[in-house]
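Undergrad: no sequence on hand, only this structure:
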């Protein structure tokens, strides 16, 4: 493509939208709600509370600015978030949101400055960072560009207040405070990550300053969490993590010689920390890597662009671009050999990623209650459907349930996918949202009456048989297996004992139509409806 064709295609992909419509909705369970929107000739314009003038370093700084809703008050200074207050409980903590990146390792020594000599690796590793391996070249958290202060614009409306912050062209986010929400939304946009880093000191002539980048959003609070934090296990129980430590099943002396990568863990739903009284929880809308590199801090790796292959089978660097190429004409196994877009590769920008984090700051019990509820909202939002123009609406709202499920029980699945070989029965799966000990009133066994829940015509339950979790056979046919456990050391034995103390009694047998669900339990049934 010539420059004119590229410009034309770029223009065709531009977003021509001029407005954003935001309003609150309330959708009944297993149902729908219809809303109609129409433009008015005298529609209210957005209210701009503060908008700095100028560009780049010339933009004026906003000093001592606050935004708030019914739940939270956020304090900004010099265009950065500095403090968060929960207005309902009165608790306050210093708080910041920062963008940065770690330099991807290309093999050789990792900068272990500050790591005690007795736990350093005896020799330098040759492992590179790549698609299957995360390994930083140092512990340095680089700012995403030459500027050191973000820009900020604040836009307010009757439903939501938005704070737009730009750290660089490839690191931005919007902080949203909805009028009636008990969380703070951070919608982040990462990319396209550049290959060059021209804002650093010049390198040798003829060699581009190309650095692989592991892009991170970092949340820092003033909570003294004793260098510990929690990550979820596939959205279920929370697992305690301790900086530079491993669990009791590991050798008593276990060296963590990679201070960054050695403290990163999978995060599928949420990550949290607390000081024994108050908690900071961050919910995700997609699986990410997460860590706490400083006491009271949580960080998430949201994007990556790597210049080298990690030698784990793909045989090319994790250098994905918007047009699907990263090195035109390269031989198999030599992707990225030119090392620089434009030097035999394609002049295509890297991928841009976007996602949301929901922040909850509250007393521990209340935070535990809220985080499970909102995790369902961010990961399983209402399904949207649109229709242009006025239409006759037979029923503006409806629900298939005759009674709401308890707040701690989730309808995990209700599907007819397997009715053909189950005599027309639907698979019905219910789960408990909380783990044992997570909340004083919600993390307890709960009994529900299926006929009271599913009692409306069209979805009226008539029978149910409990099956194995996967629904492949009745539970009554399964002989319970008694696992033989072995504690390799005293610490593991103590851990198993602590688990048993939190565990609830044996599962209650199912007698139609009532079922009792214990914390974190999932129960599956084949049910018939009329």
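TA: Yep, that arrived. The model shown is predicted, which means the values in this text are computed figures rather than measured ones.
Undergrad: contacts only, for the closest residue to residue 454 other than its chain neighbours.
TA: Closest residue in space to residue 454, ignoring its immediate chain neighbours: residue 461 at 3.9 Å, by Cβ to Cβ, 6 or more residues apart in numbering. Yep, even glycine has a C-beta here, placed from its N, CA and C like the rest. By Cβ atoms under 8 Å, 6 or more residues apart in numbering, the residues touching residue 461 are 450, 451, 453, 454, 455, 513, 527, 528, 529.
Undergrad: contact partners for the last one?
TA: Remark: with contacts taken as Cβ under 8 Å, 6+ apart, residue 529 is in contact with 426, 454, 459, 460, 461, 462.
Undergrad: and the residue nearest the centre of the chain, how far from residue 476?
TA: Centroid check for the chain by Cα atoms, centre = their mean gives residue 284 as the closest residue, at 1.6 Å. Distance check for residue 284 against residue 476: by Cβ to Cβ, to the nearest Å, it reads 39 Å.
Undergrad: please apply the same query to residue 437.
TA: 31 Å.
Undergrad: who has more neighbours, the two?
TA: Counted by other Cβ atoms under 10 Å, residue 437 and residue 476 do not tie: residue 437 has more neighbours, with 13 against 10.
Undergrad: from memory that one sits against residue 502, does it?
TA: Yes - Residue 437 lies in contact with residue 502 (Cβ atoms under 8 Å); the separation is 4.8 Å.
Undergrad: so where is the chain shaky, pLDDT-wise?
TA: 41-63, 109-124, 201-208, 324-347, 390-391 (pLDDT under 70).
Undergrad: now the helices for it?
TA: Using DSSP state H, the helices of the chain run over residues 3-12, 364-379, 450-453, 490-502.
Undergrad: buried residues, the shortest one. List them.
TA: If I follow you right, that is helix 450-453. In terms of neighbour count (16 or more other Cβ atoms under 10 Å), helix 450-453 has its buried residues at 450, 451, 453.
Undergrad: which of those lies closest to residue 258?
TA: residue 453 (49.9 Å; Cβ to Cβ).
Undergrad: what sits closest to the closest one if chain neighbours are left out?
TA: Once flanking residues are discounted, residue 453 sits nearest to residue 403: 5.3 Å by Cβ to Cβ, 6+ apart.
Undergrad: please name the residues that touch the one you found.
TA: Residues near residue 403 by Cβ under 8 Å, 6+ apart: 452, 453, 455.
Undergrad: closest one of the residues you listed to residue 378?
TA: residue 453 (24.7 Å).
Undergrad: re the thing from before, which stretch among the helices of the chain comes nearest residue 162?
TA: Among the helices of the chain, the nearest to residue 162 by Cβ to Cβ is helix 364-379 (17.6 Å).
Undergrad: who are the contact partners of the nearest residue to residue 524 once chain neighbours are set aside?
TA: Once flanking residues are discounted, residue 524 sits nearest to residue 429: 4.7 Å by Cβ to Cβ, 6+ apart. Residue 429 makes contact with 411, 412, 413, 414, 471, 522, 523, 524, 525 under the criterion Cβ under 8 Å, 6+ apart.
Undergrad: now the buried members of the residues you listed.
TA: Looks like the contacts of residue 429 have 414, 471, 523, 524, 525 buried, using 16+ other Cβ under 10 Å.
Undergrad: sitting in strands, which of these do you find?
TA: Using DSSP state E, the subset of these located in strands is 414, 523, 524, 525.
Undergrad: can you get me the start-to-end distance on stretch 137-153?
TA: With Cα to Cα, to the nearest Å applied, stretch 137-153 spans 35 Å between its terminal residues.
Undergrad: scratch that, stretch 496-511
TA: Terminal-residue distance, stretch 496-511 (Cα to Cα): 31 Å.
Undergrad: list the buried residues in it.
TA: Counting neighbours by 16+ other Cβ under 10 Å, one finds that the buried residues in stretch 496-511 are 507, 508, 510.
Undergrad: work out the gap between that stretch and the centre of the chain.
TA: 30 Å (Cα atoms, centre = their mean, to the nearest Å).
Undergrad: residues in contact with residue 510?
TA: The neighbourhood of residue 510, defined by Cβ under 8 Å, 6+ apart, consists of 464, 466, 475, 523, 525.
Undergrad: biggest separation within those residues, which pair?
TA: 464 and 475 (11.5 Å).
Undergrad: give me the more crowded residue out of the two.
TA: Neighbours of residue 464 and residue 475, each counted by other Cβ under 10 Å, are more numerous for residue 464; the result is 21 against 17.
Undergrad: isn't the more buried one up against residue 514?
TA: No - counting by Cβ under 8 Å, residue 464 stays clear of residue 514, with 10.4 Å between them.
Undergrad: so what sits against both of these two?
TA: Joint contacts of residue 464 and residue 514 (Cβ under 8 Å, 6+ apart) are residue 450.
Undergrad: correct me, but residue 299 touches residue 219?
TA: Yes - with contact defined as Cβ under 8 Å, residue 299 reaches residue 219; the gap is 6.9 Å.
Undergrad: ok, longest strand in the protein?
TA: What stands out as the longest strand in the chain, according to DSSP E, is strand 91-103.
Undergrad: show me what that one is packed up against.
TA: Packing contacts for strand 91-103, counted by 3 or more Cβ pairs under 8 Å, 6 or more residues apart in numbering; DSSP states H and E, involve strand 80-86, strand 160-168, strand 171-178, strand 213-221, strand 278-284, strand 353-363.
Undergrad: adjacent strands (with direction) for the longest one?
TA: This means strand 353-363. If you go by DSSP bridges, strand 353-363 pairs up with strand 184-190 (antiparallel), strand 278-284 (antiparallel).
Undergrad: that strand to strand 80-86, inter-axis angle?
TA: Angle, strand 353-363 to strand 80-86, by axes from the mean of the first three to the mean of the last three Cα atoms, to 10 degrees: 40 degrees.
Undergrad: just the angle for strand 353-363 relative to strand 91-103, thanks.
TA: 150 degrees.
Undergrad: report the buried residues of strand 353-363.
TA: Neighbour-count burial for strand 353-363 flags 353, 355, 356, 357, 358, 359, 360, 361, 362, 363 (criterion: 16+ other Cβ under 10 Å).
Undergrad: how far away is the first one from residue 440?
TA: For residue 353, the distance to residue 440 (Cβ to Cβ) stands at 39 Å.
Undergrad: distance of the closest residue to residue 491 other than its chain neighbours from residue 494?
TA: The shortest distance from residue 491 to any non-neighbouring residue, by Cβ to Cβ, 6+ apart, is to residue 248 (3.3 Å). For residue 248, the distance to residue 494 equals 8 Å [Cβ to Cβ].
Undergrad: the spatially closest residue to residue 158 that is not a sequence neighbour: neighbouring residues, count only.
TA: Nearest non-adjacent residue to residue 158, counting by Cβ to Cβ, 6+ apart: residue 179, 7.2 Å away. Residue 179 is flanked by 13 other residues according to other Cβ under 10 Å.
Undergrad: so who does residue 179 touch?
TA: Counted by Cβ under 8 Å, 6+ apart, residue 179 has contacts 24, 69, 70, 158, 159, 160.
Undergrad: the same query, at a cut-off of 10 Å, please.
TA: 24, 69, 70, 71, 157, 158, 159, 160, 161 (Cβ atoms under 10 Å, 6 or more residues apart in numbering).
Undergrad: much appreciated, bye for now.
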